[in-house]
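A.B. asks: just the structure for this:
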Amino acid sequence: MSDKPPIAVTAAEVPPRARPSNYPADLVDKIGGRQKTILGDLFGLKNFGVNLTRLPPGSASALRHAHEKQDEFVYIVEGACTLVTDAGETPMQAGMCAGFRAGTGDAHHLVNRGTADCVYLEIGDRTPFEKVDYPDDDLMVRPGPDGKSVYFRKDGTPVF
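C.D. replies: Here you go, the predicted model:
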């Protein structure tokens with residue numbers, strides 16, 4: 001078997017990530033049945049990640065969060081959802097996109113309040129030593145000594 005990445009794949013045929021989230025067990029249920037298919041890693045991409053994500057009705061893309069260093073971008077492929085930011089709520093439908101510039105402090109996430117699945121493409125960079133704040137939950141991400149993300153409670157207690 002070769003370790004060489006594929007040249008191309010059909011994204012819908014790639015199985016979703018087995019673990020639904022990296023969040024601690026007490027917060028995972030808040031995202032519901034989200035299914036994330038990791039595409040960028042298939043090709044060995046190192047500078048940015050690409051995921052195809054399916055949000056069934058009642059699920060969320062993530063806990064509402066804001067990145068200090070990493071930019072994010074989402075493009076709605078099919079269905080509809082609601083973008084929730086500090087400014088309020090914005091309906092999103094297939095063909096729409098949104099970007100989240102790092103360092104603004106504007107927390108965001110997508111929620112599916114509809115009756116059909118929403119599928120979107122998410123792209124984000126992989127800048128090390130990232131800090132992420134979750135204003136609605138007892139959670140934050142701070143960098144470990146190697147630059148990789150470590151989850152903590154807001155009082156500084158490590159999650160794992």
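
A.B. asks: got a list of what H108 touches?
C.D. replies: Shown in contact with H108 (CB atoms under 8 Å, 6 or more residues apart in numbering): R64, H65, A66, E72, L83, V84, T85, D86, A98, F100. For the C-beta atoms, the positions are set from N, CA and C on the backbone; glycine is no exception.

A.B. asks: one more time with 10 Å
C.D. replies: 61-62, 64-67, 72, 74, 83-87, 90, 98, 100 (CB atoms under 10 Å, 6 or more residues apart in numbering).

A.B. asks: measure the closest residue to V159 other than its chain neighbours to V119 for me?
C.D. replies: Closest residue in space to V159, ignoring its immediate chain neighbours: Y151 at 3.9 Å, by CB to CB, 6 or more residues apart in numbering. Y151 is 27 Å from V119, where distance means CB to CB, to the nearest Å.

A.B. asks: just checking, the residue nearest to V159 touches V141?
C.D. replies: Yes. Between Y151 and V141 there is a contact under CB atoms under 10 Å: 5.8 Å.

A.B. asks: okay, and the common contacts of these two?
C.D. replies: The contact sets of Y151 and V141 overlap at N22, V132, Y134, V159 (CB under 10 Å, 6+ apart).

A.B. asks: just the residues you listed now: which is nearest G105?
C.D. replies: V132 (11.2 Å; CB to CB).
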